[in-house]
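**Q** Fold the following, please.
(2 chains)
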There are 2 protein chains.
Amino acid sequence: MENIQKHSIILWSRDEYRLRLTRIREHMSASSVDAILLSDNANIYYLTGRVFAGYAYVTLKGEPIYFVRRPVGLSGDSVVYIRKPEEITGSIGMAAPQSIGIELDVLPYSSVQRLVPLFPGAELKNASSIMRSVRAVKPPMALQMLRESGERHARVYSRIPGLFQEGMSDYDLQVEIENVSRREGCLGQFRISGDSMELYMGNTIAGNNADTPSPYDFAMGGAGMDPSLPVGANGTLITPGTTVMVDMNGNYNGYMTDMTRVFALGDISPLALKAHQCSIDIHRALSEMMRPGNTAKSLWEKAEEIVVAADLKPYYMGHRQHAGFIGHGVGIEINELPVIAPRSRDIIQEHNVIALEPKFVIPNVGAVGIENTYIVHADHAECITLAPEEIIYFDR
Amino acid sequence: MENIQKHSIILWSRDEYRLRLTRIREHMSASSVDAILLSDNANIYYLTGRVFAGYAYVTLKGEPIYFVRRPVGLSGDSVVYIRKPEEITGSIGMAAPQSIGIELDVLPYSSVQRLVPLFPGAELKNASSIMRSVRAVKPPMALQMLRESGERHARVYSRIPGLFQEGMSDYDLQVEIENVSRREGCLGQFRISGDSMELYMGNTIAGNNADTPSPYDFAMGGAGMDPSLPVGANGTLITPGTTVMVDMNGNYNGYMTDMTRVFALGDISPLALKAHQCSIDIHRALSEMMRPGNTAKSLWEKAEEIVVAADLKPYYMGHRQHAGFIGHGVGIEINELPVIAPRSRDIIQEHNVIALEPKFVIPNVGAVGIENTYIVHADHAECITLAPEEIIYFDR
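**A** Sure thing, here's the model as predicted:
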């Protein structure tokens, strides 16, 4: 599986790499930052196409320098092997920057405290916010990878009806979906940015388990199987008249899609059917509004209007506990920009990739609603998680 | 699955909770810290037996206060619901501390910057190092949970020979082990502390893939299936004369065991057999030295002596890239104290739980050696991952 090319520190094509570097520099300039030091896996991967342990030092001019701790054997014009961060200083070609961007929203306090003295006199800036803005707009290769992820994600979902057997719980079904996903090549890793968010491979929730509040800031909850990981499947049996919501991992190549479909065993209540249709209606309306220049907030408001008109507000985005957003950017991590939320200041941009997930929790039925991932283009939104959207009924 | 008791913020028994609180306060006193604010999932779980989003504020005297953001519905004498950290200040009964411990090795820089002004005049201390010391010594309930994890972990490994089919790769085998683990109730989540460590559900590596350096600071590497997650199985076929090392997730209840066994298809080289026996010999010798008061360093040195005497140094803990440790504490996270490494300053203590993993990489064969998890007692080390230790041969 190894070859010479894989040993190069940069795995993207030359054009793709140059484009990514240029975008980082544009955002650095806009924030008056003359150097950034990246070490978060997601940002390192964005720039180089691989994860390594170490740092990427990017300046407005001159080639980036890659300070690598592990693995051994990476090559490139500007690869410098180090054992500890203090060896970063004094590297050939490094002029002292006026300001230094460090990933303040990701790196632990003590790691930042250790890095700051390496740049004496430099003003400390937040590289996390710079990289969040950069990564909100996907470069061409990422769009291709996301389309491929979406296809594989949908292929796995098409096999779910064949996995169901009577007597299964939400946990049993999730475990079999995991197996099919992994056989399809899903990497499993669920990359997420921010305080203590945890989820193993996705969220499959049946019946009233959907109404159990979770500590994590996901759109849906679930009790989980253990109080050490209180989210998702909890062993609730899939019974006639209830739903199973499947929101499983779509990380097939480093760029993730996000996708939800709902399954049911036998007929479900008219209220649940109405709410599911309302979610589809919101997708139709909002995908028409996913155009460069529109505000994320206006999308959230439009959805709210549809929900209120349908008299479904008490069930919208949860019932006992409500989520504060109905959509989010997705890419290397599951929670990228823009955020579709009432107080969001984000503006929709061309080549944003947005997962939209207007969902409802109906007591004694379960969760309904769908999630799709869209690429924003100048004149349309391209859905990349193509699969039937109606509720899919299991054979009995 | 829900019941009233589950809504209590504290899920441990009263005695277990008191003991945990007492230990935290002992370590706070020893570090001259009069208050700590915990928010890391692992630390919150240690104290309460559940994960919630928010903060636990612990002082030397008086009951802890739990500031909860999510989930809704938790109860307890001192549960205060908040929407943002700024609401922490001014809570009833909170005297201004002289010093405040915050998890500086875990919380992002910007989160700490936001918390510090809430404690004006207080000296900033590192709660991460306090909690690392506390968590190195396991309380009684944790030992029981670890024994149970070890039993379930070993039960899954006993089923591995039945999963193998000719023509499988390390990836194919890992996916089937994941499925059996999950059916056995493995939670999957692999909790790890520290910079950007990532691993999905464990590491199964065949043949020369074991010799591929990884960016992550695990004992073994592997190329992985994608440069976005370059560790572990990479699709290497399991062929006669090579080994498969299985080091899969043992998180069954919030406290994890760590366990490795080696499988082979047909005879492997005398060098590989010798190295595997050497690993078993190191386990025998070091488990005799796992006694309160001994230094972690002395264990590492003893192992080194055995390896050098056996002339196996070039293959020890990797071949192209070497790991810097041969053992580590394990519990809520996979990398707890003590660390068995050449420059470790840790002293072995009663009820440390230590995963010992002296391993070798033999070119053109693969990885050999075993890993067991031990509980340290005053007069013996108790192995809690009981299973045959010799190489297990697959039927052809």
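**Q** The helix or strand containing residue A:101: partners in the sheet, and parallel or antiparallel?
**A** Assigned by DSSP states H and E, residue A:101 belongs to strand A:99-102. Taking DSSP bridges as the criterion, strand A:99-102 forms sheet pairs with strand A:35-38 (parallel), strand A:123-126 (parallel).
**Q** tell me which residues of the first one are tucked away?
**A** Just to be clear, that refers to strand A:35-38. A:35, A:36, A:37, A:38 (16 or more other C-beta atoms under 10 Å in any protein chain shown). Placement of C-beta: from N, CA and C, glycine included.
**Q** Pick the one among these closest to chain B.
**A** Nearest to chain B among the buried residues of strand A:35-38 is residue A:38, at 11.1 Å by C-beta to the nearest C-beta.
**Q** so what's the closest one bridging to?
**A** residue A:56.
**Q** before we move on, the earlier item: any chance of the buried residues of strand A:35-38 in JSON lines, plus pLDDT and distance to residue B:127?
**A** Compiled in JSON lines, those are given as follows (pLDDT from 0 to 100; distance: C-beta to C-beta, whole Å):
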{"residue": "A:35", "pLDDT": "96", "distance to residue B:127": "32"}
{"residue": "A:36", "pLDDT": "97", "distance to residue B:127": "29"}
{"residue": "A:37", "pLDDT": "97", "distance to residue B:127": "26"}
{"residue": "A:38", "pLDDT": "98", "distance to residue B:127": "27"}
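**Q** circling back: would you turn the strands paired with strand A:99-102 into CSV with distance to residue B:25?
**A** Compiled in CSV, the strands paired with strand A:99-102 are given as follows (distance: least, C-beta to C-beta, whole Å):
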stretch, distance to residue B:25
strand A:35-38, 38
strand A:123-126, 35
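**Q** element containing residue A:302, please.
**A** Going by DSSP H and E, residue A:302 is part of helix A:296-309.
**Q** on contacts alone, who are the packing partners of that helix?
**A** With contacts defined as 3 or more C-beta pairs under 8 Å, 6 or more residues apart in numbering or on different chains; DSSP states H and E, the packing partners of helix A:296-309 are helix A:270-289, strand A:327-329, strand A:336-340.
**Q** hang on, residue A:230 packs against residue A:223?
**A** Yes - look at residue A:230 against residue A:223 with C-beta atoms under 8 Å: they come within range, at 6.1 Å.
**Q** any idea where the helices of the stretch 101-250 of chain A begin and end?
**A** Counting by DSSP state H, counting those that start in this stretch, one finds helices in the stretch 101-250 of chain A at the ranges A:109-115, A:127-136, A:140-158, A:160-163, A:170-183.
**Q** Quick one: those as a markdown table, columns for mean pLDDT and mean neighbour count too.
**A** Formatted as a markdown table, these follow (pLDDT from 0 to 100; neighbours: other C-beta atoms under 10 Å in any protein chain shown):
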| stretch | mean pLDDT | mean neighbour count |
| --- | --- | --- |
| helix A:109-115 | 97 | 19 |
| helix A:127-136 | 98 | 22 |
| helix A:140-158 | 98 | 19 |
| helix A:160-163 | 98 | 16 |
| helix A:170-183 | 98 | 22 |
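**Q** what would these look like in TSV with distance to residue B:301?
**A** Compiled in TSV, the helices of the stretch 101-250 of chain A are given as follows (distance: least, C-beta to C-beta, whole Å):
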stretch	distance to residue B:301
helix A:109-115	29
helix A:127-136	41
helix A:140-158	48
helix A:160-163	52
helix A:170-183	41
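**Q** possible to save the ones you listed as TSV with distance to chain B?
**A** As requested, those are exported to TSV (distance: least, C-beta to the nearest C-beta, whole Å):
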stretch	distance to chain B
helix A:109-115	4
helix A:127-136	7
helix A:140-158	10
helix A:160-163	12
helix A:170-183	4
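**Q** about what we covered before: possible to save the helices and strands packed on helix A:296-309 as TSV with mean pLDDT?
**A** Below are these laid out as TSV (pLDDT from 0 to 100):
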stretch	mean pLDDT
helix A:270-289	98
strand A:327-329	98
strand A:336-340	98
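**Q** How about the residue nearest in space to the middle of chain A, nearest residue that isn't a chain neighbour?
**A** In chain A, the residue lying closest to the centroid (C-alpha atoms, centre = their mean) is residue A:334, at 1.3 Å. Of all residues not flanking residue A:334 in the chain, residue A:192 sits nearest, at 5.0 Å (C-beta to C-beta, 6 or more residues apart in numbering or on different chains).
**Q** mind listing what the one you found touches?
**A** A:199, A:333, A:334, A:335 (C-beta atoms under 8 Å, 6 or more residues apart in numbering or on different chains).
**Q** The third one touches residue A:191, doesn't it?
**A** Right, residue A:334. Yes - with contact defined as C-beta under 8 Å, residue A:334 counts as touching residue A:191 (6.5 Å).
**Q** Overlap of the contact sets of these two?
**A** By C-beta under 8 Å, 6+ apart, the residues touching both residue A:334 and residue A:191 are residue A:256.
**Q** how is chain A carved up into domains?
**A** Following automatic domain parsing, one gets these domains for chain A: A:4-135, A:137-393.
**Q** how about TSV for these, with distance to residue B:294 added?
**A** Output for the domains of chain A, formatted as TSV (distance: least, C-beta to C-beta, whole Å):
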stretch	distance to residue B:294
domain A:4-135	28
domain A:137-393	31
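**Q** so of these, which one's packed in deepest?
**A** Of the domains of chain A, the one with the most neighbours on average (mean count of other C-beta atoms under 10 Å in any protein chain shown) is domain A:137-393, at a mean of 21.
**Q** What is the end-to-end distance of that one?
**A** By C-alpha to C-alpha, to the nearest Å, the extent of domain A:137-393 from end to end equals 37 Å.
**Q** which neighbours do residue A:230 and residue A:223 share?
**A** residue A:214.
**Q** just to revisit the earlier point, of the helices and strands packed on helix A:296-309, which is nearest chain B?
**A** strand A:336-340 (14.8 Å).
**Q** on contacts alone, who are the packing partners of the closest one?
**A** helix A:127-136, helix A:296-309, strand A:327-329, strand A:353-356.
**Q** can you tell me the residue of the stretch 251-396 of chain A closest to chain B?
**A** Closest point on the stretch 251-396 of chain A to chain B, by C-beta to the nearest C-beta, is residue A:254, at 3.0 Å.
**Q** In contact with that residue, which residues?
**A** A:45, A:145, A:187, A:332, B:226, B:227, B:228, B:229 are the contacts of residue A:254 under C-beta under 8 Å, 6+ apart.
**Q** related to what we said a few turns ago, out of the strands paired with strand A:99-102, flag the one nearest residue B:326.
**A** strand A:35-38 (31.6 Å; C-beta to C-beta).
**Q** Contacts for the closest one next, please.
**A** Applying C-beta under 8 Å, 6+ apart, the set of residues contacting strand A:35-38 is A:24, A:28, A:44, A:47, A:55-60, A:88, A:97, A:99-103, A:115, A:119, A:122, A:125, A:127, A:130-131.
**Q** next SSE after that strand?
**A** helix A:41-48.
**Q** give the contact list for the residue nearest to residue A:52 when sequence neighbours are not counted.
**A** Once flanking residues are discounted, residue A:52 sits nearest to residue B:215: 4.6 Å by C-beta to C-beta, 6+ apart. Contacts for residue B:215 (C-beta under 8 Å, 6+ apart) come out as A:51, A:52, A:53, A:54, A:69, A:70, A:71, B:230, B:231.
**Q** so how far is residue B:221 from the residue lying closest to the last one once chain neighbours are set aside?
**A** In this case it means residue B:231. Once flanking residues are discounted, residue B:231 sits nearest to residue B:214: 4.4 Å by C-beta to C-beta, 6+ apart. Using C-beta to C-beta, to the nearest Å, residue B:214 is found at 3 Å from residue B:221.
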